[in-house]
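Asker: generate coordinates for the sequence data below:
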Amino acid sequence: MNNQRTIYLDVIRIIACMMVIIMHAPIPGAGAEGHGPFLVLISYLTVPCVPLFFMVSGSLLLPCRKEVSTIDYLKKRIGKVVGPTIVFSLLYMIINNSRNWPISILSIPFSAQGHGILWFMYTLTGLYLLVPIISPWIRQTSKRELEIYLLLWIITQCYPYLSLFLEINSSNTGILYYFTGYAGYFLLGYYLNRYPVSLKWLLPLAIFMLPLPLLNKG
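Answerer: Here you go, the predicted structure:
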């Protein structure tokens, strides 16, 4: 395995970490009403922090090495998130005085318990589970095939725009339902790392993609 650090990915992670801090930092003053436009701008500029983290993960983890078995891969990756997730789940449950401990503890493998902020750990774990499944396809697929998948995913990300003048079925019966979600950012990170995009295209792409996570939160 190549252990050399990729500097630009470290820079992206630093930027994403700063965006997370800014997004969640309390703003003193007159409250949300007094800072309405400012808070909207902050949300608009910082909400891509989570997709950035997933894109960095995709660029580093896809595809997984052939010589590593699926079991060994999952032990290594998921093992890193299981411990912290359980510890913080229990800590939040204690702080919040959880009333139904047996159900909450049994629910930990399936949904965030104690505090909704732990959702990130569950989403990341789900993406880890996908890596051994999609890695064989990624190894043999062409650039054009990757672009076709990413195009379909980008269409689903544009649903908030398209729904302004079209009837869109975004439920689990929609034709592109299985192309939605953070897995697209995961694959996009791999694609941009494998096939670098010219800066003249990267800036317009970033401007276009910037509001999409915010629009799709609802």
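
Asker: does Arg139 really touch Pro63, like I thought?
Answerer: Yes: look at Arg139 against Pro63 with Cβ atoms under 8 Å: they come within range, at 5.2 Å. For the C-beta atoms, the positions are set from N, CA and C on the backbone; glycine is no exception.

Asker: looking at the two, which has the bigger crowd around it?
Answerer: Neighbour count, other Cβ atoms under 10 Å: between Arg139 and Pro63, Pro63 has more, with 17 against 11.

Asker: could I have stretch 155-164 exported to CSV, CA atoms only?
Answerer: The C-alpha trace of stretch 155-164 is given here as CSV (Å, rounded to 0.1, in the frame of the first residue of the first chain):
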residue,chain,number,x,y,z
ILE,A,155,-29.9,14.3,-11.6
THR,A,156,-31.3,13.1,-8.3
GLN,A,157,-29.4,15.8,-6.5
CYS,A,158,-31.1,18.3,-8.7
TYR,A,159,-34.6,17.1,-7.8
PRO,A,160,-35.3,20.3,-5.7
TYR,A,161,-34.7,22.3,-8.9
LEU,A,162,-36.5,20.0,-11.2
SER,A,163,-39.5,19.7,-9.0
LEU,A,164,-40.2,23.4,-9.5
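
Asker: next one: it to chain centre, how far?
Answerer: Centroid displacement of stretch 155-164 relative to its chain, using Cα atoms, centre = their mean, to the nearest Å, is 19 Å.
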